[in-house]
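In: no sequence on this one, just coordinates:
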């Protein structure tokens with residue numbers, strides 16, 4: 001994003017700093033005449049980077065892309081409305097008030113521009129000898145404050161992106177509690193105890209299942225589904241997609257979910273992979289709760305969705321390398337082996353958009369297996 005904004009920043013620097021002849025014919029002048037080009041450039045770069053992270057943070061508050069685009073635009077303009085007020089009372093406002101207002105991105109930019117204007121009016125602009133000084137002894141607010149705050153804003157916005165994306169994941173994802181940032185460092189013992197109790201219950205009730213699972217006693221359970229429910233609210237109606245599902249899926253086996261359209265197969269898979277949260281019930285992946293320990297559960301999980309989700313401008317090899325890195329398990333030998341197993345070795349450097357439908361499907365399956373996946377979920381892989 002910064003690379004896309006860089007040409008605009010360069011044009012702005014040139015337009016503001018290039019000196020043009022005065023109408024009087026007596027010398028040359030620029031809009032920003034005395035201020036250091038380095039400081040002015042740093043100011044614009046920090047503002048553009050913090051603006052990028054600010055808009056991304058705002059977008060996490062919305063579920064749909066269209067509403068995110070419109071809502072972020074409104075927030076952007078509203079955040080700038082107070083700029084005209086603060087500019088009129090710049091000298092009367094305290095340094096503390098200005099510092100606090102600078103954390104609102106557009107107001108920080110506005111205050112920085114105003115400082116540049118004031119120092120330009122004094123005839124010496126802002127440079128490295130005075131960028132830490134205020135306009136008076138009583139007002140210590142300086143360009144250094146603006147630059148530091150714009151830099152800090154990037155990290156604050158990234159934190160908000162991380163926080164709101166976890167608390168409000170939208171239609172896809174499991175919402176974490178509002179205090180998850182603190183609670184992840186302190187995990188109550190009741191969570192593990194709950195999982196242990198539920199694990200015991202499923203084993204005790206095994207005799208009620210339609211299949212005798214005692215023959216699998218030597219195998220480890222890869223996926224344990226306990227009393228799984230999923231309900232969707234449509235207007236005034238509540239529809240049950242999955243009702244009281246109990247299932248043990250063992251390592252070293254291929255388990256197939258069969259059913260007609262609308263039976264709840266994809267919904268079940270979405271809950272197993274943590275894409276949507278169950279209304280009630282528990283899913284354990286390698287004994288890790290997919291809701292409360294999503295990251296740990298997904299570390300051994302591979303998933304091939306019903307529809308191909310590929311990056312059109314990445315090659316086949318780059319896809320496998322990217323998803324291996326996501327799982328923090330990059331192995332070049334595994335990638336080469338997977339290319340051979342899926343008969344995609346000759347398409348190693350081909351872009352995804354050039355592949356046929358069958359080859360794209362093969363790549364999606366390969367992505368599910370890459371990275372040392374112990375449990376692989378395939379949604380209509382053929």
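Out: Everything's here; your move. None of these values were measured; they are calculated from a predicted model.

In: rest of the way, CA atoms for contacts and neighbours
Out: OK.

In: list the buried residues for stretch 95-102?
Out: 95, 98-99, 101-102 (16 or more other CA atoms under 10 Å).

In: tabulate those (CSV), appending pLDDT and secondary structure.
Out: Compiled in CSV, the buried residues of stretch 95-102 are given as follows (pLDDT from 0 to 100; DSSP: H, G, I helix; E, B strand; the rest coil):
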residue, pLDDT, secondary structure
95, 90, helix
98, 92, helix
99, 93, helix
101, 91, helix
102, 92, helix
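
In: ok, these vs residue 139, which is closest?
Out: residue 95 (5.9 Å; CA to CA).

In: so how far is residue 337 from the residue lying closest to that closest one once chain neighbours are set aside?
Out: In space, and not counting its chain neighbours, residue 95 is closest to residue 141: 5.0 Å by CA to CA, 6 or more residues apart in numbering. Distance, residue 141 to residue 337, by CA to CA, to the nearest Å: 61 Å.

In: neighbour count: these two, which is higher?
Out: residue 141 (23 against 13; other CA atoms under 10 Å).

In: name the element that one belongs to?
Out: Here residue 141 is covered by no helix or strand, with elements defined by DSSP states H and E.

In: correct me, but it touches residue 133?
Out: Yes - using CA atoms under 8 Å, residue 141 is in contact with residue 133, at 7.1 Å.

In: any weak-confidence spans in the stretch 151-300 of the chain?
Out: 171-172, 184-210 (pLDDT under 70).

In: quick one: the helices in it?
Out: 180-183, 189-204, 265-272, 294-298 (DSSP state H, counting those that start in this stretch).

In: picking up where we left off before, now the buried residues of stretch 95-102 in TSV, with distance to residue 121?
Out: Shown next, in TSV, are the buried residues of stretch 95-102 (distance: CA to CA, whole Å):
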residue	distance to residue 121
95	20
98	20
99	22
101	23
102	22
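
In: got a list of what the residue nearest to residue 95 touches?
Out: Residues in contact with residue 141, defined by CA atoms under 8 Å, 6 or more residues apart in numbering, are 95-96, 98-99, 133-135.

In: okay, now residue 180: neighbour count?
Out: Residue 180, neighbours per other CA under 10 Å, totals 15.

In: ah, wrong one, I meant residue 84
Out: Residue 84: 12 neighbours (other CA under 10 Å).

In: next one: residue 288
Out: 21.

In: same check, this time on residue 60
Out: Residue 60 has 23 nearby residues by other CA under 10 Å.

In: from what I can see it touches residue 161, true?
Out: Yes - using CA under 8 Å, residue 60 is in contact with residue 161, at 6.4 Å.

In: how about the residue lying closest to residue 36 once chain neighbours are set aside, secondary structure?
Out: Closest residue to residue 36 apart from its sequence neighbours, by CA to CA, 6+ apart: residue 127 at 5.0 Å. What DSSP: H, G, I helix; E, B strand; the rest coil gives for residue 127 is coil.

In: dump the residue contacts of residue 127.
Out: Contacts of residue 127 (CA under 8 Å, 6+ apart): 35-36, 39.

In: repeat that for residue 382.
Out: residue 361.

In: now do it against residue 358, distance only.
Out: Taken as CA to CA, the span from residue 382 to residue 358 is 8 Å.

In: same question for residue 346.
Out: Residue 346 is 15 Å from residue 358, by CA to CA.

In: likewise residue 147?
Out: Taken as CA to CA, the span from residue 147 to residue 358 is 52 Å.

In: also residue 101?
Out: Taking CA to CA, one finds residue 101 at 55 Å from residue 358.

In: and for residue 4?
Out: Note on residue 4: its distance to residue 358, by CA to CA, is 35 Å.

In: what is the neighbour count of residue 17?
Out: 19.

In: over to residue 31. Which of the three states is it?
Out: Classification of residue 31 using three-state DSSP returns coil.

In: tell me how many other residues crowd the closest residue to it other than its chain neighbours.
Out: Counting by CA to CA, 6+ apart, residue 31 lies nearest to residue 16, which is 5.1 Å off, once chain neighbours are set aside. Neighbour count of residue 16, defined by other CA under 10 Å: 14.

In: how is residue 16 assigned, secondary-structure-wise?
Out: Looking at residue 16 with three-state DSSP, the answer is helix.

In: contacts only, for it.
Out: 30-33 are the contacts of residue 16 under CA under 8 Å, 6+ apart.

In: neighbour count, distance to residue 257 and pLDDT added to the residues you listed, as TSV?
Out: As requested, the contacts of residue 16 are arranged in TSV below (neighbours: other CA atoms under 10 Å; distance: CA to CA, whole Å; pLDDT from 0 to 100):
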residue	neighbour count	distance to residue 257	pLDDT
30	15	71	82
31	14	69	85
32	21	68	88
33	19	71	86
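
In: ok, those residues vs residue 296, which is closest?
Out: residue 32 (53.5 Å).

In: tell me the phi and psi of that closest one?
Out: Dihedral pair for residue 32: phi -110, psi 90, per degrees, to the nearest 10.

In: what residues does it make contact with?
Out: Contacts of residue 32 (CA under 8 Å, 6+ apart): 16-17, 116, 120.

In: right, and residue 27 touches residue 19 too?
Out: No - with contacts counted by CA under 8 Å, residue 27 stays clear of residue 19, the gap being 9.3 Å.

In: ok, these two, which is more surrounded?
Out: residue 19 (15 against 10).

In: and the more buried one, how far from residue 28?
Out: In terms of CA to CA, residue 19 sits 6 Å off from residue 28.

In: and if you look at residue 336?
Out: 64 Å.

In: coming back round to it: export the contacts of residue 141 to JSON lines and append columns for distance to residue 176.
Out: JSON lines is the format used below for these (distance: CA to CA, whole Å):
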{"residue": "95", "distance to residue 176": "38"}
{"residue": "96", "distance to residue 176": "35"}
{"residue": "98", "distance to residue 176": "35"}
{"residue": "99", "distance to residue 176": "32"}
{"residue": "133", "distance to residue 176": "44"}
{"residue": "134", "distance to residue 176": "44"}
{"residue": "135", "distance to residue 176": "47"}
